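S.K.: Coordinates for the following, if possible.
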Amino acid sequence: MRVDSSAETGGIGVAQVQVAVRVKLRWLFREQLADDYGIDAHIEVVEDQAATGKLLAVQIKSGQSFFRKPADGGWWFYPKAEHIQYWKDHSLPVVIVLYRPDTQLCHWQLVTDSTLIATRAGGWKILVPQGHVLDETAAEPLREAAAGDSYVLRVRELQLARPWMTMLAEGNRLVIDIEEWPNKTAGRGAITLGIDKEDGQSPTPLANWWFLAGLYDYEDTIPALFAWASVGLHEETYDDAEYDQYKEECLFEDNEGFRMYRESYQEWRSGRQWPRFRPYADDYGGEVEYWRLELTLNDLGRAFLLVDSFAKDGHWQLIERTGQK
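M.R.: So this is what the prediction gives:
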């Protein structure tokens, strides 16, 4: 089977941008796993080891071809016409990042009315300056671009989550899988949002990102990431984990080889009190803990979908999984 060289080059570019964001800026990087329509990833600003909710949308291009003709202290990038209006209407500030293989540097530029320049042929071009390297020097200008008043930021977060809210309203089950390193002072974890198709298989991933809770508990910080949904345990996962623990503690064999339980599952379970939020398993002697939480659309999510629907076409009816309007 032949490897698609363009796809491979694009994948390398995304990986290099992720490294620059995670290592140089020490911010969060979330690749868009589904069709991106001109946006490959989101970057979230981190301050004092805590996620801020201040986001940037990123279009990533990789390859030496983008750097063949230097001009005006940088390189001209010619975006697709269909992306221009999408970027202008986007709820987040948009950043173009070009990855240069021969230097292994990522160069960036914000998409604004002042950086977008019309060409004589009727298209558009953006100058990506050579001095705009995606490293520590980019922190302040990108932080300023991502900033906004709290009202705008919160609305942006809801707009970004609109597809996920719609999935819930249509009857899909969305789950959050978390791998947490509990002994890390930054509260570091890896989060994957996915669809549970209830087919006995692992959830289908929709998005993933690193998460830093700082000194705060996951019980407080995880729901804050999904303000439009109620967050609870994924019942099937925790029921299975608890039953496995019950068998490990209570199942034994007598002298004649008969397998017996010291007490019933109901008796065993009634004697235990678990916190509302908790991991269902761990590994490496407790170095990594695994969580699976489920999202259900809450009042805020339902209200936002109604407002969003009205803003689009003047209608505000919402059909949820029950089929009721």
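S.K.: Quick check: end-to-end length of stretch 118-136?
M.R.: Start and end residues of stretch 118-136 are separated by 31 Å (CA to CA, to the nearest Å).
S.K.: Check which residues of that stretch are buried.
M.R.: For stretch 118-136, the neighbour count (16 or more other CB atoms under 10 Å) marks Trp124, Lys125, Ile126, Leu127, Val128, His132, Val133, Leu134 as buried. No exception for glycine: its C-beta is placed from N, CA and C like everyone else's.
S.K.: residues making contact with the host helix or strand of Arg302?
M.R.: Counting by DSSP states H and E, the element that carries Arg302 is helix 299-313. Outside helix 299-313, the residues that touch it by CB atoms under 8 Å, 6 or more residues apart in numbering are 158-159, 162, 165-166, 168-169, 227-229, 315-318, 320.
S.K.: Emit the PyMOL select command for whichever of those residues are buried.
M.R.: Of the contacts of helix 299-313, the buried ones go into a single PyMOL selection, burial set by 16+ other CB under 10 Å:
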select buried, resi 158+165+166+168+169+227+228+229+318
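S.K.: What segments of the stretch 201-325 of the chain are helices?
M.R.: 218-225, 235-250, 265-270, 299-313 (DSSP state H, counting those that start in this stretch).
S.K.: so which of the ones you listed gets nearest Asp199?
M.R.: Closest approach to Asp199 among the helices of the stretch 201-325 of the chain is made by helix 235-250 (12.0 Å; CB to CB).
S.K.: what about the closest one, average pLDDT?
M.R.: Mean per-residue pLDDT for helix 235-250: 92.
S.K.: Using PDB, list the CA coordinates for the helix holding Arg302.
M.R.: Provided in PDB are the C-alpha atoms of helix 299-313 (Å, rounded to 0.1, in the frame of the first residue of the first chain):
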ATOM      1  CA  ASP A 299     -30.900  23.600  30.700                       C
ATOM      2  CA  LEU A 300     -28.100  25.900  29.400                       C
ATOM      3  CA  GLY A 301     -27.400  23.600  26.400                       C
ATOM      4  CA  ARG A 302     -31.100  23.400  25.500                       C
ATOM      5  CA  ALA A 303     -31.500  27.100  25.800                       C
ATOM      6  CA  PHE A 304     -28.400  27.800  23.700                       C
ATOM      7  CA  LEU A 305     -29.700  25.500  20.900                       C
ATOM      8  CA  LEU A 306     -33.000  27.300  21.000                       C
ATOM      9  CA  VAL A 307     -31.300  30.700  20.700                       C
ATOM     10  CA  ASP A 308     -29.000  29.500  18.000                       C
ATOM     11  CA  SER A 309     -31.800  28.000  16.000                       C
ATOM     12  CA  PHE A 310     -33.800  31.300  16.200                       C
ATOM     13  CA  ALA A 311     -30.700  33.300  15.300                       C
ATOM     14  CA  LYS A 312     -30.300  31.200  12.100                       C
ATOM     15  CA  ASP A 313     -33.800  31.100  10.700                       C
END
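S.K.: Okay, and Ile60 sits in which element?
M.R.: Ile60 belongs to strand 50-62, assigned by DSSP H and E.
S.K.: pull the CA atoms of that strand into CSV?
M.R.: Coordinates of each C-alpha in strand 50-62 appear next as CSV, following Å, rounded to 0.1, in the frame of the first residue of the first chain:
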residue,chain,number,x,y,z
ALA,A,50,-4.7,26.5,34.6
ALA,A,51,-6.8,26.5,31.5
THR,A,52,-8.3,29.9,30.8
GLY,A,53,-11.0,29.2,28.2
LYS,A,54,-9.3,31.7,25.9
LEU,A,55,-9.2,29.9,22.5
LEU,A,56,-7.7,30.3,19.0
ALA,A,57,-8.6,28.4,15.9
VAL,A,58,-5.7,27.2,13.8
GLN,A,59,-5.2,26.4,10.1
ILE,A,60,-2.0,24.4,9.6
LYS,A,61,-0.1,24.1,6.3
SER,A,62,3.1,22.1,6.0
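S.K.: Much appreciated, bye for now.
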